[in-house]
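Q: Next come a sequence and a model predicted from it.
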Amino acid sequence: MVVGTLGNKSPDSNRFTLVTPKSENDVRLQATLGNQNPTGLPVGAVRTRDLPAEYKRKMIMLGKTKGKQLTEHLSEYILFDLETTGISCYRDQVIEISGVKVKDGKITDEFSSLVNPECPIPYQASLVNGITDDMVADAPLFNAVLKDFLIFAGDLPFVGHNIASFDMKFIYRDSEKYYKEIPGNDYVDTLKLSRICLPALKHHTLTDLAAYYGISTIGAHRALNDCRMNQAVYEKLGAALAEKLKGTDKCPRCGNLLVRRSGKYGSFLGCTGYPECRYTANIKS
Ligand SMILES: [Zn+2]
């Protein structure tokens, strides 16, 4: 396996000599650049941020650490969705994965593939998503599809509905299983955003949110349709979040939004990065 940071360019060739990798990022960088260095920077000074956009986007974020959950309206992201054989991240398998690449609120690219789960799809699951055994019989295995999806995603953050407690678990589990590494992409969960921005709403399913914002729900529960629907919802939630952010503070520790919470001793400001970030502050009167 070829690993290493960009080393010195040897005078008589266009190849870069590899040196010992210092970090996971160095390994990814080397894998991305191959034997070319488009930056023209002195060797050893190449940082991800110096790379042209097309190289940055080619970075596959596989490594040892999970990404952070963000509470933000992003301008560039991958909104994705999985369909599975059921709701258990111990027993169940992915049968479809779709994603849309978004820049400044517009979909610029789409990814979608059925997946052969190598097990029967329970009738109950087919009822929800309409995906049957016949449909996935000739589909590729998730080992190959997940890799393609991660290449499609590059280093963009993920956005999805209920992904913190569902989809990300499947992604981490199967990345670990197939590649012995997990994607480090940060992610935004629109379920969490919805609970922050629309606290009066009783239910926060994706179809509830689409209905709330008057977005079409035709074709719901197939991954790519759900992505397009959720993308429109996320842009609306983003606007609601910006409205909510007006005059409020961001967490000095992690940059997430601080919201009013009530506890035993009255109201306080708590970080929406909770439970990863436990920052709290008194409400300024
Ligand atoms: Zn925080």
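A: Sure thing, it's come through.
Q: Could you check the pLDDT of the residue nearest the centre of the chain?
A: With distances taken as CA atoms, centre = their mean, the residue of the chain nearest its centroid is Phe158 (1.9 Å). Reported pLDDT at Phe158 in the predicted model: 97.
Q: Verify the contact between it and Thr190 for me.
A: No. Using CB atoms under 8 Å as the test, Phe158 is too far from Thr190 to be in contact (10.9 Å). Yep, even glycine has a C-beta here, placed from its N, CA and C like the rest.
Q: close to the ion, is stretch 64-75?
A: No. Using CB under 5 Å from the ion, stretch 64-75 stays clear of the ion, coming no nearer than 9.2 Å.
Q: Which residues does that stretch contact?
A: 24, 61, 103-105, 157-159, 164, 168, 172, 181-189, 192-193, 196, 234-235, 237-239, 241-242, 254, 256-257, 272-273, 276 (CB atoms under 8 Å, 6 or more residues apart in numbering).
Q: filter these to the buried ones?
A: 61, 157-159, 168, 181-189, 192-193, 196, 234-235, 237-238, 241, 254, 256-257, 272-273 (16 or more other CB atoms under 10 Å).
Q: Return only those of those residues found close to the ion.
A: Within the buried ones among the contacts of stretch 64-75, those near the ion by CB under 5 Å from the ion are 254, 256, 273.
Q: what residues are up against the nearest residue to the residue nearest to the centre of the chain once chain neighbours are set aside?
A: Once flanking residues are discounted, Phe158 sits nearest to Tyr187: 4.0 Å by CB to CB, 6 or more residues apart in numbering. Residues in contact with Tyr187, defined by CB under 8 Å, 6+ apart, are 67-70, 157-160, 163-164, 168.
Q: Which residues are in contact with Arg260?
A: Contacts of Arg260 by CB under 8 Å, 6+ apart are 267-270, 283.
Q: in the stretch 101-250 of the chain, which segments are predicted with low confidence?
A: Along the stretch 101-250 of the chain, the model assigns pLDDT under 70 to no residue.
Q: Please, where are all the strands along it?
A: Using DSSP state E, counting those that start in this stretch, the strands assigned to the stretch 101-250 of the chain run over residues 106-114, 158-160, 182-183, 187-189.
Q: Quick one: list the elements packing against the second one.
A: Other elements packing on strand 158-160 under the criterion 3 or more CB pairs under 8 Å, 6 or more residues apart in numbering; DSSP states H and E are strand 76-84, strand 187-189, helix 223-245.
Q: which of those is buried the deepest?
A: Greatest average neighbour count among the helices and strands packed on strand 158-160 goes to strand 76-84 (a mean of 24), per mean count of other CB atoms under 10 Å.
Q: now that one: mean pLDDT?
A: pLDDT averaged over strand 76-84 gives 97.
Q: How about Ala137: what's its closest non-neighbour residue?
A: Asn116 (6.8 Å).
Q: Please convert the helices and strands packed on strand 158-160 to JSON lines, extending it with distance to Asp208.
A: Below are the helices and strands packed on strand 158-160 laid out as JSON lines (distance: least, CB to CB, whole Å):
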{"stretch": "strand 76-84", "distance to Asp208": "16"}
{"stretch": "strand 187-189", "distance to Asp208": "15"}
{"stretch": "helix 223-245", "distance to Asp208": "10"}
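Q: wait, which of those is closest to Thr207?
A: Nearest to Thr207, of all the helices and strands packed on strand 158-160, is helix 223-245, at 8.0 Å by CB to CB.
Q: now the angle from the helix or strand following the closest one to helix 223-245?
A: Where DSSP states H and E defines the elements, the next helix or strand beyond helix 223-245 is strand 258-263. With axes from the mean of the first three to the mean of the last three CA atoms, to 10 degrees as the basis, strand 258-263 and helix 223-245 are set at 80 degrees to each other.
Q: What average pLDDT does strand 258-263 get?
A: For strand 258-263, the per-residue pLDDT averages 82.
Q: That one pairs with which strands?
A: strand 266-271 (antiparallel) (DSSP bridges).
Q: what comes up buried for the partner strand?
A: By 16+ other CB under 10 Å, the buried positions in strand 266-271 come out as 269-271.
Q: Now tabulate these in TSV and tack on pLDDT and distance to Leu141.
A: Shown next, in TSV, are these (pLDDT from 0 to 100; distance: CB to CB, whole Å):
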residue	pLDDT	distance to Leu141
Leu269	88	47
Gly270	89	43
Cys271	89	40
